[in-house]
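Novice: here is my input, please return the structure:
(one chain, ligands or ions: 1)
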Amino acid sequence: MISEAVIERIRKTADRYPERRAALIPALTILQDELGHLSLDTVRSVAEELNVPAPEAFGAASFYSLFRWKPSGRHVIHVCHNLSCSLLGAETLLDHLGKKLGVPEGQATADGRFSFERIECIGRCDGAPSMLVGKDSYDNLTPGKIDEILQQYT
Ligand code: FES
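Specialist: Numbering: from 1, shown residues only. So this is what the prediction gives:
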């Protein structure tokens, strides 16, 4: 169920585009920002709002790895696992996060504070291994550095 406030945000965003369908990705981003994740019902509602065929909306929503289909923590940690980051220890960092947070990849912690998942290259290869926490980026990571970084997120 999408609130009227969220629908209104999507309408205002769509009004800035020459064709409403061009606002599909921004609309899905708004949906995720507001609700935490996507669902079949909410993506279908957005498709109807933008006059986009539902299969096209589901195709876009499932193609981009930054869209989530399950509830996440308040702070989502994305660890890059592409070549540079993998060569410099991304798997070790993912293992560390799993042990530290006590949850498997993609699942929120019991307190709802964090969830983590791997992601494709975030364009910070010169600082590999790298991760995002929400929209904040961090480079040259080690397990100890991750522990320090996560302390600032409540
Ligand atoms: S490979 Fe990790 S940021 Fe590019």
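Novice: which parts of the protein sit against the ligand?
Specialist: 80, 82, 83, 84, 85, 121, 122, 123, 124, 125, 128, 130 (CB under 6 Å from any ligand atom). Where you see a C-beta, it was placed from the backbone N, CA and C, and this is true even at glycine.
Novice: those in helices, which ones?
Specialist: 83, 84, 85 (DSSP state H).
Novice: are any of those buried, and if so which?
Specialist: Buried members of those, counted by 16 or more other CB atoms under 10 Å: 84, 85.
Novice: just name the closest of the ones in helices among the residues of the chain next to the ligand to residue 71, please.
Specialist: Set against residue 71, the nearest of these by CB to CB is residue 85 (26.1 Å).
Novice: that closest one and residue 127 touch, don't they?
Specialist: No. Contact criterion CB atoms under 8 Å: residue 85 and residue 127 do not qualify, at 9.3 Å.
Novice: got the domain ranges for the chain?
Specialist: Following automatic domain parsing, the chain resolves into domains at 4-63, 75-150.
Novice: for the longest one, give the mean pLDDT please.
Specialist: Spelled out, that is domain 75-150. Averaging pLDDT along domain 75-150 yields 96.
Novice: distance between the ends of that domain?
Specialist: Across domain 75-150, the terminal residues are separated by 9 Å (CA to CA, to the nearest Å).
Novice: ok, back up a step: and of the residues of the chain next to the ligand, the nearest to residue 66?
Specialist: Nearest member of those to residue 66, counting by CB to CB, is residue 122, at 10.0 Å.
Novice: can you pull the phi/psi pair for that closest one?
Specialist: Per-residue torsions, residue 122: phi -100, psi 10 (degrees, to the nearest 10).
Novice: before we move on, what about residue 106?
Specialist: phi 90, psi 0.
Novice: leaving out sequence neighbours, find the closest residue to it.
Specialist: In this structure, residue 106 finds its nearest non-sequential neighbour in residue 117, 5.2 Å apart by CB to CB, 6 or more residues apart in numbering.
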